[in-house]
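Chemist: A predicted structure for the sequence below; I have some questions about it.
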Amino acid sequence: MKNNHERYDVAFSLGAACACSVALRRAGLQFASFPLDWMAGGTLAERAALVASRFDGWLEKDDFVYKGPNPLNGLGMFWNRRTGLNHLHDFADGAIENSYAAVREKYRRRETRLCSLCDAAHRILCVYVSRPVGPKVSDEELCRSRRLLADAFPAAKVEIVHFSSDPERSFSDRRFTVIDEGAFRFEFDYNDPKRDVNVNAVARALVEEGFTAKDHRTAEEKRAYELAQKMKKYGASTKTGVFVAKLKRRLRRLFGIPRA
C-alpha cells in the first residue's frame, strides 16, 4: 500500500529507543533532535501522554534513580520513577548534580522545538518502533495514543505509524495496515541480533511507502549540521580542521601517499 498523502510539516520519534530517531533521519523525515529520541522504557501510550502534556514535570531531579555506569559509553544510567524512562546517554556517571543543569537545559530546548513545530504544523507524523523483543502494541493503544496527540495539537492532522517486528514476514512481504483514521502499522522482520533493530530496513520501509516531511531547518541550522557532519567524518573540531583534513586527504590521493 502506497502512502499518497502530502508531506508532513514535522515528523518525530516516540521511541521505543534511539533506533526510531536514527531511522527517521536516514529516511529524510527528521531534521532535528527531539525529547524522546534517546530514551528507553515506557509504553507507547505513556510516551504519547508525555508529549501531550508538553513534558510537564518529566525531568524533576528528585525523580531520578541512579542505576550505575553505562558500559557502552561510560555515562551514568538513570531511571525516572515518574515517567518510567531510562536515560542512558545524558548524565555523567556519578551524582546527578554534576550534570543535571546542562542536561535539563538541553532537553528544555528540545521540548520547545518540538512543541513549537507541532503548534505551527498542519500535518504531524509520529513514529514508534517496537523493539523486536518488547511488548506488543494493541490496536486500541495505538489509536488511543493518536487521539491523545491529536487533542494536544488540534490545529494539525496527527498521524501515527507503528512498527511491529514479525519474524514470519520478510521485508519484501511486509504488511502496511490502516488500523484507523490516522493510525497505521508496518509488520515485517526487522530484528537485528547485534543491534536490536535493523535501522536501515525501517528507514527503507518509510521511504518506499512514500512518507515525506518538510525540512524545517533554517539556512543557518543546515550549515551548522553539515559542518558537524564533516567534523565527525574528518575527526576535526573546527571548520579550519575540516579544511586541513580534506586538503591532506587530497594530497595523499594526488601523490599516492598511504595513510600512516
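Modeler: Arrived safely, thanks for sending.

Chemist: so who does the closest residue to residue 82 other than its chain neighbours touch?
Modeler: Distances taken as C-beta to C-beta, 6 or more residues apart in numbering put residue 63 closest to residue 82, at 4.3 Å, once the chain neighbours are dropped. Where you see a C-beta, it was placed from the backbone N, CA and C, and this is true even at glycine. The contact partners of residue 63, taken as C-beta atoms under 8 Å, 6 or more residues apart in numbering, are 80-83.

Chemist: Turn the residues you listed into a markdown table, including distance to residue 48 and secondary structure.
Modeler: Output for the contacts of residue 63, formatted as a markdown table (distance: C-beta to C-beta, whole Å; DSSP: H, G, I helix; E, B strand; the rest coil):
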| residue | distance to residue 48 | secondary structure |
| --- | --- | --- |
| 80 | 17 | strand |
| 81 | 20 | coil |
| 82 | 16 | coil |
| 83 | 12 | coil |
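
Chemist: So of those, which two are at opposite extremes in space?
Modeler: Farthest pair in the contacts of residue 63 (C-beta to C-beta) is 81 and 83. Separation: 8.0 Å.

Chemist: Between those two, which has more neighbouring residues?
Modeler: The neighbour comparison of residue 81 against residue 83 (other C-beta atoms under 10 Å) goes to residue 83, with 21 against 11.

Chemist: quick one, phi/psi of that one?
Modeler: The phi/psi pair for residue 83 (degrees, to the nearest 10) reads phi -100, psi -20.

Chemist: show me what contacts the nearest residue to it once chain neighbours are set aside?
Modeler: Leaving aside its sequence neighbours, residue 83 sits nearest to residue 58 (C-beta to C-beta, 6+ apart; 5.3 Å). Taking C-beta under 8 Å, 6+ apart, we find residue 58 in contact with 50, 80, 82-83, 85.

Chemist: With residue 150 instead?
Modeler: 156-158, 182.

Chemist: do the same with residue 163
Modeler: Applying C-beta under 8 Å, 6+ apart, the residues near residue 163 are 20, 127-130, 185-187, 190, 202, 205.

Chemist: Just send those back as CSV, with secondary structure too.
Modeler: Shown next, in CSV, are the contacts of residue 163 (DSSP: H, G, I helix; E, B strand; the rest coil):
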residue, secondary structure
20, helix
127, strand
128, strand
129, strand
130, coil
185, strand
186, strand
187, strand
190, coil
202, helix
205, helix
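
Chemist: quick check, nearest of those residues to residue 147?
Modeler: Nearest to residue 147 among the contacts of residue 163, with distances taken as C-beta to C-beta, is residue 128, at 14.5 Å.

Chemist: how near is the closest one to residue 75?
Modeler: 25 Å (C-beta to C-beta, to the nearest Å).

Chemist: do residue 143 as well
Modeler: Per C-beta to C-beta, residue 143 is found 36 Å from residue 75.

Chemist: Please apply the same query to residue 11.
Modeler: Residue 11 sits 27 Å away from residue 75, taking C-beta to C-beta as the criterion.

Chemist: Tell me which of the two has more neighbours.
Modeler: Comparing residue 11 with residue 75 by other C-beta under 10 Å, the one with more neighbours is residue 11, at 29 against 17.

Chemist: And the average pLDDT for the helix or strand hosting that one is what?
Modeler: Using DSSP states H and E, residue 11 sits within strand 10-15. The average pLDDT for strand 10-15 rounds to 97.

Chemist: by contact count, what packs against that strand?
Modeler: With contacts taken as 3 or more C-beta pairs under 8 Å, 6 or more residues apart in numbering; DSSP states H and E, strand 10-15 sits against helix 18-26, helix 44-52, helix 100-120, strand 123-129.

Chemist: The last one to strand 10-15, inter-axis angle?
Modeler: Here strand 123-129 points in a direction 20 degrees away from that of strand 10-15 (axes from the mean of the first three to the mean of the last three C-alpha atoms, to 10 degrees).

Chemist: can you map out the helices along the chain?
Modeler: 18-26, 44-52, 100-120, 139-152, 199-208, 219-234, 239-255 (DSSP state H).

Chemist: Can I get these in CSV including mean pLDDT and distance to residue 166?
Modeler: As requested, the helices of the chain are exported to CSV (pLDDT from 0 to 100; distance: least, C-beta to C-beta, whole Å):
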stretch, mean pLDDT, distance to residue 166
helix 18-26, 96, 17
helix 44-52, 97, 17
helix 100-120, 97, 30
helix 139-152, 98, 15
helix 199-208, 97, 12
helix 219-234, 71, 34
helix 239-255, 76, 43
